[in-house]
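Asks: Return a 3D structure for these sequence lines:
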Amino acid sequence: MRATLKNYIPHAALTSVMQLIEDYQVHLKIVNDRQSKHGDFRTLTNGKHFITVNHSLNKYRFLITLIHEIAHLIAFKTYGRQIKPHGKEWKYVFQKLMLPLINPKIFPDEILPLLAIHFKNPRASSDTDAKLSIALKNYDQTSAGNRFTQNASTKNYIFELPLGSIFQTSNGRLFKKGHRLRKRYQCEELKTKRQYVFQPNAEVELIKS
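Replies: As a prediction, this is how the structure comes out:
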């Protein structure tokens, strides 16, 4: 596992993460991308703890996602099945696990202050923290082999688009940008006229402004 994991997380975090995996007997599987989630945690019928993480995540997001899921495991073992998935018990464990990892040996300087803010009250997904999510996406893979480089994507974030813009999602569906509802944007799918909400940092392709 160590030989595999070193390709997915910052080197300086490897020893700490391997210790958690060994201590809690985590069965980790690195899987193909899922649009709905970066990772998940399950307890199998045989009692083993099973965690999956998407293979294409950059090393910083992979680390955060893996610790997120290990926090679910520890919270489950510590507080029992009745706790809320992202309740106060999980938040406490997640904060405790991440605190020693939020340092310049592991994360770039521009991400550190955003992590410090985020982990004052961690959310169910780092994608809902627009500033942190955008900063992390700057380190997504590009076409330059397997190196993690700053992303040169020409895609737009929804919050950047003018009201009424037509945009296309990664699965080819077309939407018209509507007004902001609290933290998310209400958008109409052109084909079905149904209303959907998008996170402000969702990446889309602008078709017509």
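Asks: can you tell me the helix or strand for residue 27?
Replies: strand 26-31 (DSSP states H and E).
Asks: Would you give the sheet partners of that strand, along with the direction of each?
Replies: Partners of strand 26-31 in the sheet, by DSSP bridges, are strand 49-54 (parallel).
Asks: Buried ones in the longest helix anywhere in the chain, by neighbour count?
Replies: For the chain, the helix that runs over the most residues, judged by DSSP state H, is helix 59-79. Of the residues in helix 59-79, 59-76 count as buried by neighbour count, 16 or more other Cβ atoms under 10 Å. Using the backbone N, CA and C atoms, a C-beta is placed for each residue, glycine as well.
Asks: same question, stretch 3-23
Replies: So stretch 3-23, judged by 16+ other Cβ under 10 Å, has buried residues 5, 8-10, 13-14, 16-18, 20-21.
Asks: Now the longest helix of the chain: average pLDDT?
Replies: For helix 59-79, mean pLDDT is 96.
Asks: Can you check what angle separates the following helix or strand past it from helix 59-79?
Replies: Once helix 59-79 ends, the next helix or strand along the chain (criterion: DSSP H and E) is helix 88-98. Counting by axes from the mean of the first three to the mean of the last three Cα atoms, to 10 degrees, helix 88-98 lies at 130 degrees to helix 59-79.
Asks: returning to that earlier point: which residues sit against the strand holding residue 27?
Replies: 1, 4-5, 8, 20-21, 48-55, 66, 70, 73 (Cβ atoms under 8 Å, 6 or more residues apart in numbering).
Asks: let's see 10 Å
Replies: 1, 4-5, 7-8, 17-18, 20-21, 39-42, 44, 48-57, 62, 66, 69-70, 73 (Cβ atoms under 10 Å, 6 or more residues apart in numbering).
Asks: again, but for stretch 186-202
Replies: Under Cβ under 10 Å, 6+ apart, the answer for stretch 186-202 is 125, 127-137, 155-161, 165-170, 173-185, 204, 207.
Asks: Counting neighbours, which of these end up buried?
Replies: 127, 129-130, 132-133, 135-137, 156-159, 161, 165-167, 169, 174-178, 184-185, 204.
Asks: Can you flag which of these belong to helices?
Replies: Mapping the buried ones among the contacts of stretch 186-202 onto helices (DSSP H) picks out 130, 132-133, 135-137.
Asks: can you redo the residues you listed as CSV with distance to residue 120?
Replies: As requested, those are exported to CSV (distance: Cβ to Cβ, whole Å):
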residue, distance to residue 120
130, 16
132, 12
133, 16
135, 16
136, 17
137, 22
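Asks: Can you give the strand pairings for the helix or strand bottoming out on mean pLDDT in the chain, parallel or anti for each?
Replies: Counting by mean pLDDT, DSSP states H and E, the chain has its least confident helix or strand at strand 156-157, which shows a mean of 84. Here strand 156-157 has these sheet partners by DSSP bridges: strand 203-208 (antiparallel).
Asks: Let me know the angle separating the strand it pairs with from helix 130-137.
Replies: Using the same axes, to 10 degrees: strand 203-208 against helix 130-137 is 100 degrees.
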